[in-house]
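# sequence plus predicted model, see below.
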Amino acid sequence: MQLDYTAEQKAFRAQVREWLEAHVPSAPLEHFDATREGFETHREWEKVLKSGDWGMVTWPREYGGRGLDLIQWLIFEEEYYRAGAPGRVNQNGIFLLGPTLIEFGTHEQKQRFLPPMAAGEEIWAQAWSEPQAGSDLAGVRATCVLDGDDYILNGHKIWSSRAVFADWAFGLFRTPGTDRHKGLSLIFFPLNAPGVTVNAIKKINGHVGFAEIFLEDVRVPAFNRLGDEGQGWHICMATAGFERGLMLRSPARYQVAAAALAQLWAQRKDGADPTLEADVVRAWMNAEAYALNIYATASALIGGAKIGPEASTNKIFWSEMDIHLHRTAMAILGAEAEVLPEPGEHAWLDDYIFALAGPIYAGSNEIQRNIIAERMLGLPR
Amino acid sequence: MDFTLSDEQKMFAETAQTLFADTCTPDHWRKLMEAGEVRHEDRWAAIVENGFTLVLLPEEVGGLGLSELDFALIAEQAGYVALPEPLVESAGVAAPLLAALAPDAEVLADPAAVIAIQHPINPYVAHADGAVALILHHQDEAYLATPDQVKLTTAESIDPMRRLFSVAWDPAKAQKLGAADWDLALDRAAVFNAAMGLGLAQRAVDMAVAYAKERQQFGKPIGSYQAVKHHLASAQVAIEFARPVVRAAATDLGARDMQARARISHAKIVALEAADQAARASIQVHGAMGYSWEVDVHLFLKRTLALTGTWGTPHFHRNRIAQRIFTQPVGPDQTFARENHHA
Ligand SMILES: Cc1cc2nc3c(=O)[nH]c(=O)nc-3n(C[C@H](O)[C@H](O)[C@H](O)COP(=O)(O)OP(=O)(O)OC[C@H]3O[C@@H](n4cnc5c(N)ncnc54)[C@H](O)[C@@H]3O)c2cc1C
């Protein structure tokens, strides 16, 4: 083990820092879930990132990336959060679908989909869940039927984040007559295709953060299917591995929040409940532990290891840490906790409300605990 | 930056694992407990033969001159079997402290010699009765004594494999070693206790998993019930997020700065919390069996209890972390920062 950065890694950090200092917008952007304008300003930011070649640092150069390794990715993320750069409106694409496409896609598919994804030109939504298929995702009912060189898609998707404003979605579809995990395919469809209806759903904060999607005889080329017909479940589980295991939540997010919490405590501790200091310390410990764990995972992956069911431990850890951290902030703020933040203020309240979704999305924590128990510990189903 | 273990480190840890698995079975504990002993001579001889007592000693005094991480990996395996012998206390903490103060000390020449250490942070000295020599403290200075130069009073531990003593002695009659680095001894002990905590935790989970696959209720294995699964999955999460902290703490221990101390304290807290959570979950999953003397889970609970309070309480260690957080820069670029140069 060697826990110092190499000279190259330090130089890389300096390079990222310099670029971000010159380019990160001085005023925070409006949230991408709040309005169309908020969404579009984030799309513009993605284009700025791309102009500096920072759209997706780990992808191969030929597909719009920078070809960096996972340690460099972590350094990039650390600087990104440190700089207070805008949230990534295309995270479904760049962090989830992207790595999956790189692993399972054909060269033509990668060429078609990855560069515009890295450039923010095409923003993606994930259309897996259905009203009857949430935790039990293998119960998906939406169908795909091959018709010549095209698929005809039908069905009803729900809870699709950012689908209201996004351009494309990747969804799970069933070949009629098949059952459960077998017979599912992963297919891409444009959200403005004829037959697609997107209805916004408001989240508990009032933002139109997710949507339901109705598909009626939507025609897409068979080229849009990732992997073979019937291979969709296998591929989706790989995506879920990225989602839970690594890419969706880089440690820097929590380290920035923990640092802000330490500052909040330093400002407010006079007269505050002294036992809260232990929670502030705990929040820092959690964020550090998460960072160390991810550095360990990244090192192992660079050494040739594969992400396994232990990815589920990450998802539980970051979601619970996020809630603990923000509950601590709420407790420190006391009677002020309920007041909506002014623009430009640290949005403790918004972040707390968002943290509450963590144990639900990306596979609920109950499901993750089942996975850990069955696939890591080997307990019977 | 590379967070992986070397092949040599993995090999060393595997050797320890095999040796302990072969020789330190529940049967062995039972026999020791019945005989009222805390050391098995054959096992101790095998530990010595494999060089585990020499890992941290400098090459000049005949040691292997390896790192704290190397020793921590062995300590983790020692935790997994709740090793009765004082390998960590003697070879991990006392011997290197003595080597730094008195490299010529006679006891260091014998790799099988057990050395006990009285540290200002601990109320008792562990395993003083079986020690060939004791390191004692008086007004910050270290002294060396033989067992016949001191008077030991037993304080009985709930852990049947730990022997605790108050020591009465006369500094005029012991050999004065000089000002010792008690802080380094504390840091080493904290990291190695944390490493043992990881082992204790994993064993408690593994025992519960094995039981939950066998024990049937309502016509199926209890391990198929979700409440049981979730107890154990939660404990495993705690282990997974303590392990890299312990390894990073061991790796950086030598830096001796506030960052290193905070990491060590972090490791001590979370690894023993994981062990506590795992032991309690394991008892719950075993039902009344888990509450019986018959089943071995209680040994892991008791060792966890002992290691949690010794070598700095969670409160002591939390304060060291607070000092780092509130006086040094924190944030995403500070994970591997040092006190004197910030990334
Ligand atoms: C903010 C947010 C964003 C989301 N974004 C997307 C998106 O972009 N794309 C998308 O496809 N989906 C998205 N989702 C949906 C999310 O993936 C599902 O909500 C999740 O998988 C749970 O499914 P469900 O809501 O149908 O709950 P249900 O499956 O009905 O579960 C309800 C409760 O029962 C528990 N439960 C269910 N089955 C079991 C079991 N076997 N054992 C124990 N407990 C069980 C669950 O843990 C949960 O607590 C999003 C959800 C949220 C909250």
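Cool, the structure landed.

# only C-alpha atoms from now on, for both contacts and neighbour counts.
OK.

# and B:Val38, what pLDDT?
For B:Val38, the pLDDT comes out at 89.

# burial count for residue 79?
Because you didn't say which chain, this covers chain A. For A:Glu79, the neighbour count with other C-alpha atoms under 10 Å in any protein chain shown is 24.

# the intended chain is chain B.
Neighbourhood size, B:Gly79 [other C-alpha under 10 Å]: 28.

# wait, it sits on B:Ala204?
No: using C-alpha atoms under 8 Å, B:Gly79 makes no contact with B:Ala204, being 10.4 Å away.

# for the chain, where's the lowest mean pLDDT among helices and strands?
Answering for chain A, as no chain was given. Taking mean pLDDT, DSSP states H and E as the measure, the helices and strands of chain A show their lowest mean at helix A:232-245, namely a mean of 81.

# not quite, go with chain B.
helix B:26-35 (a mean of 90).

# on contacts alone, who are the packing partners of it?
Applying 3 or more C-alpha pairs under 8 Å, 6 or more residues apart in numbering or on different chains; DSSP states H and E, we find helix B:26-35 packed against no helix or strand.

# in that helix, what counts as buried?
B:29, B:32 (16 or more other C-alpha atoms under 10 Å in any protein chain shown).

# got phi/psi on the residue of chain A positioned farthest from its centre?
Largest separation from the mean C-alpha position in chain A: A:Gly271, at 38.7 Å (C-alpha atoms, centre = their mean). For A:Gly271, the backbone dihedrals (degrees, to the nearest 10) come out as phi 80, psi -10.

# for B:Leu186, give me its contacts.
B:93, B:119, B:311 (C-alpha atoms under 8 Å, 6 or more residues apart in numbering or on different chains).

# isn't the second one right up against B:His138?
No: judged on C-alpha under 8 Å, B:His119 makes no contact with B:His138 at a distance of 9.8 Å.

# for the ligand, what are the nearby residues on chain A?
Residues of chain A lying near the ligand by C-alpha under 6 Å from any ligand atom: A:125-129, A:133-135, A:159-161, A:357, A:360-364, A:366-367.

# go ahead and build a ChimeraX selection from the buried members of those.
In ChimeraX, this line selects whichever of the residues of chain A next to the ligand come out buried by 16+ other C-alpha under 10 Å:
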select /A:125,126,127,128,129,134,135,159,160,161,362,363,364,366,367
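
# now, the residues of chain A next to the ligand that are in helices?
Residues of these located in helices (DSSP state H): A:366-367.

# can you pull out the helices in chain A?
Under DSSP H, chain A gives helices at A:7-23, A:36-51, A:70-82, A:91, A:98-104, A:107-118, A:232-245, A:252-268, A:276-302, A:311-333, A:348-355, A:365-371.

# which one of the ones you listed has the lowest average pLDDT?
In terms of average pLDDT, helix A:232-245 trails the rest of the helices of chain A, at a mean of 81.

# what residues does the closest residue to B:Ser90 other than its chain neighbours make contact with?
Once flanking residues are discounted, B:Ser90 sits nearest to B:Ile115: 4.9 Å by C-alpha to C-alpha, 6 or more residues apart in numbering or on different chains. By C-alpha under 8 Å, 6+ apart, the contact set of B:Ile115 is B:89-91, B:94-95, B:107, B:128, B:131-135.

# against the ligand, how distant is A:Phe165?
Distance, A:Phe165 to the ligand, using C-alpha to the nearest ligand atom, to the nearest Å: 12 Å.

# actually, A:Ala14.
Applying C-alpha to the nearest ligand atom to A:Ala14 and the ligand gives a distance of 34 Å.

# neighbours of that residue, how many?
Neighbourhood size, A:Ala14 [other C-alpha under 10 Å]: 16.

# in contact with the nearest residue to A:Gln231 once chain neighbours are set aside, which residues?
Of all residues not flanking A:Gln231 in the chain, A:Ser185 sits nearest, at 5.7 Å (C-alpha to C-alpha, 6+ apart). Contact analysis of A:Ser185 by C-alpha under 8 Å, 6+ apart lists A:144, A:172-175, A:225-233.

# reformat the residues you listed as TSV; add distance to A:Leu70 and neighbour count.
Below are the contacts of A:Ser185 laid out as TSV (distance: C-alpha to C-alpha, whole Å; neighbours: other C-alpha atoms under 10 Å in any protein chain shown):
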residue	distance to A:Leu70	neighbour count
A:Cys144	36	27
A:Leu172	28	26
A:Phe173	32	26
A:Arg174	34	28
A:Thr175	37	19
A:Arg225	28	23
A:Leu226	24	21
A:Gly227	25	19
A:Asp228	29	12
A:Glu229	31	19
A:Gly230	31	18
A:Gln231	27	17
A:Gly232	26	24
A:Trp233	26	20
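
# narrow those to those in strands?
Taking DSSP state E, the ones among those that sit in strands are A:144, A:172-174, A:225-226.

# okay, B:His119 and B:His138: which has more neighbours?
Using other C-alpha under 10 Å, the more surrounded residue of B:His119 and B:His138 is B:His119, with 21 against 15.

# work out for me the element the more buried one sits within.
For B:His119, there is no host helix or strand (DSSP states H and E).

# and the closest residue to it other than its chain neighbours, what helix or strand is that in?
Leaving aside its sequence neighbours, B:His119 sits nearest to B:His137 (C-alpha to C-alpha, 6+ apart; 6.7 Å). Secondary structure from DSSP H and E places B:His137 in strand B:133-138.

# distance from the chain centre to that strand, please.
Taking C-alpha atoms, centre = their mean, to the nearest Å, one finds strand B:133-138 lying 20 Å from the centre of the chain it belongs to.

# adjacent strands (with direction) for the helix or strand just after it?
Following strand B:133-138 in sequence order, the next helix or strand is strand B:141-145 (DSSP H and E). Neighbouring strands of strand B:141-145 in its sheet, by DSSP bridges, are strand B:133-138 (antiparallel), strand B:175-179 (antiparallel).

# can you pull the buried residues of the longest one?
Meaning strand B:133-138. Within strand B:133-138, the residues that count as buried by 16+ other C-alpha under 10 Å are B:133-137.

# got the CA coordinates for that strand in CSV?
In CSV, the C-alpha atoms belonging to strand B:133-138 read as follows (Å, rounded to 0.1, in the frame of the first residue of the first chain):
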residue,chain,number,x,y,z
ALA,B,133,9.8,-8.8,31.6
LEU,B,134,7.6,-5.8,32.2
ILE,B,135,7.9,-2.3,30.9
LEU,B,136,6.6,0.0,33.5
HIS,B,137,6.1,3.8,33.6
HIS,B,138,6.9,6.3,36.3
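
# go ahead and name everything in contact with it.
Applying C-alpha under 8 Å, 6+ apart, the contact partners of strand B:133-138 are B:94, B:98, B:107, B:114-120, B:128, B:142-147, B:171.

# A:Leu276 reaches A:Arg327, doesn't it?
No: between A:Leu276 and A:Arg327 there is no contact under C-alpha under 8 Å: 10.5 Å.

# helices along chain B, start to end?
B:7-23, B:26-35, B:41-49, B:68-80, B:87, B:95-101, B:182-214, B:226-252, B:258-286, B:297-309, B:314-327.

# for the fifth one, what is the average pLDDT?
Per-residue pLDDT values across helix B:87 average out to 97.

# in the stretch 1-150 of chain B, what residue is nearest the ligand?
B:Tyr80 (30.9 Å; C-alpha to the nearest ligand atom).

# count of residues packed around that residue?
25.

# same thing with the one 3 residues further on?
Counted with other C-alpha under 10 Å, the burial measure for B:Leu83 works out to 24 neighbours.
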